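Enquirer: This is the structure alone, sequence omitted:
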């Protein structure tokens with residue numbers, strides 16, 4: 001396939017052309033970004049400074065918080081700056097870097113959520129073998145697999161996009177560089193590339209979502225024989241994870257599971273998995289989790305006592 005690029009800079013159309021709406025979005029997303037950093041750092045510090053780091057569920061939650069920070073930082077800072085600028089531009093090279101990093105950390109997040117579902121499945125369906133199956137070595141292996149899977153997914157998206165020729169319009173109808181908005185600007189035949197993108201992003205999101213749903217079907221099937229108290233405890237540990245999965249996967253599936261087309265609603269749906277989900281993850285996991293709240297209280301009370309002394 002012959003490839004020629006006349007485009008060195010892309011113009012991002014952003015979320016809105018209305019200045020008042022843009023300023024309102026600036027204030028809102030600045031607050032969201034600060035909340036994302038505070039919430040996820042709070043979780044990471046509380047886990048690593050207590051015994052929770054030795055429990056697989058919190059070991060994965062620690063890495064999920066780290067991937068949340070990295071993932072949202074590939075998009076949100078530029079979005080916040082662009083909301084105050086007249087002309088929103090991004091170079092071709094920076095656009096490709098943003099594409100790669102977004103899908104890399106997004107892929108890691110998807111796979112970590114799947115690893116967390118596996119952890120809950122083992123804990124509830126095979127409790128007697130839990131400590132053997134979910135050893136620290138197994139947990140480390142799962143994290144390595146998550147990172148490797150994220151890299152393979154991202155590298156595939158990146159390589160597919162580099163085959164696209166851009167020689168016409170350079171306005172991306174989005175607030176960051178993503179595959180479908182970029183394919184819309186292509187001046188080469190992208191039919192096969194579009195199918196490959198669906199096979200990559202769409203199928204990964206769909207397959208992992210189905211695996212997650214099946215894991216919770218097995219969990220629900222297993223706990224039906226439990227006592228009411230045990231059933232309630234099992235459901236409470238899983239409900240937080242289910243809410244995070246739904247919040248992240250529903251908009252992602254809407255965007256990536258269809259053919260290579262773009263809708264005006266895509267930008268709103270993308271906000272859910274780039275900003276809103278990373279912001280709500282800490283709240284969901286802390287407000288509904290007694291162990292997390294106790295760990296946070298222990299860590300931060302200790303800091304206050306040390307400062308008092």
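Expert: Thanks, I have the structure now. Computed from a predicted structure; not experimentally measured. Numbers count the residues shown, from 1 in each chain.
Enquirer: in the stretch 1-150 of the chain, which ranges drop under the pLDDT threshold?
Expert: 1-6 (pLDDT under 70).
Enquirer: Which parts of it are strands?
Expert: Using DSSP state E, counting those that start in this stretch, the strands of the stretch 1-150 of the chain run over 9-12, 89-91.
Enquirer: ok, and for the longest one, which residues are buried?
Expert: Translated: strand 9-12. 10, 12 (16 or more other C-beta atoms under 10 Å). Glycine gets a C-beta too; all of them are placed from N, C-alpha and C.
Enquirer: Excluding its own residues, what touches it? List them.
Expert: 82, 87-92, 95, 170-172, 174-177, 185 (C-beta atoms under 8 Å, 6 or more residues apart in numbering).
Enquirer: Since ChimeraX is what I'm using, could you give me a select command covering those residues, but only where they're buried?
Expert: Under the burial definition 16+ other C-beta under 10 Å, those of the contacts of strand 9-12 that qualify are selected in ChimeraX by:
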select :82,88,90,95,172,174,175,176,177,185
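Enquirer: can I get the strands of the stretch 1-150 of the chain in CSV with distance to residue 115?
Expert: Supplementary listing: those in CSV, determined by distance: least, C-beta to C-beta, whole Å:
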stretch, distance to residue 115
strand 9-12, 34
strand 89-91, 33
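Enquirer: give the contact list for the closest residue to residue 66 other than its chain neighbours.
Expert: For residue 66, ignoring the flanking residues on the chain, the nearest one in space by C-beta to C-beta, 6 or more residues apart in numbering is residue 44 at 6.5 Å. Counting by C-beta under 8 Å, 6+ apart, residue 44 makes contact with 62, 65-66.
Enquirer: Most neighbours out of these, which is it?
Expert: Ranked by the number of neighbours (other C-beta atoms under 10 Å), the contacts of residue 44 place residue 65 first, at 25 neighbours.
Enquirer: show me what contacts that one?
Expert: Contacts of residue 65 (C-beta under 8 Å, 6+ apart): 40-41, 43-44, 281-282.
Enquirer: now residue 298
Expert: Here residue 298 is in contact with residue 50 (C-beta under 8 Å, 6+ apart).
Enquirer: For it, what is the enclosing helix or strand?
Expert: Assigned by DSSP states H and E, residue 298 belongs to helix 290-308.
Enquirer: Check the contacts of strand 9-12 against residue 129 and report the nearest one.
Expert: residue 176 (43.5 Å; C-beta to C-beta).
Enquirer: Residue 81 is in contact with that closest one, correct?
Expert: No: using C-beta atoms under 8 Å, residue 176 makes no contact with residue 81, being 12.0 Å away.
Enquirer: re the thing from before, to residue 277, which of the strands of the stretch 1-150 of the chain lies closest?
Expert: Using C-beta to C-beta, these put strand 9-12 closest to residue 277, at 21.5 Å.
Enquirer: Please tell me how far residue 181 sits from residue 58.
Expert: 37 Å (C-beta to C-beta, to the nearest Å).
Enquirer: Compare neighbour counts for these two and give me the winner.
Expert: residue 58 (24 against 21).
Enquirer: which ones are touching the more buried one?
Expert: 47, 52, 291-292.
Enquirer: Give me the residues contacting stretch 172-184.
Expert: 10-15, 74-75, 78-79, 82, 90, 95-96, 98-99, 102-103, 157, 160-161, 164, 166, 185, 190, 193-194, 197, 201, 255, 260-262, 264, 266-267, 270, 274.
Enquirer: how far out from the middle of the chain is that stretch?
Expert: Computed by C-alpha atoms, centre = their mean, to the nearest Å, the chain-centroid distance of stretch 172-184 equals 18 Å.
Enquirer: Just read off the phi/psi values of residue 171.
Expert: Here is the backbone geometry of residue 171 (degrees, to the nearest 10): phi -100, psi 120.
Enquirer: hang on, it packs against residue 7?
Expert: No: the criterion here is C-beta under 8 Å, and residue 171 misses it with residue 7 at 10.4 Å.
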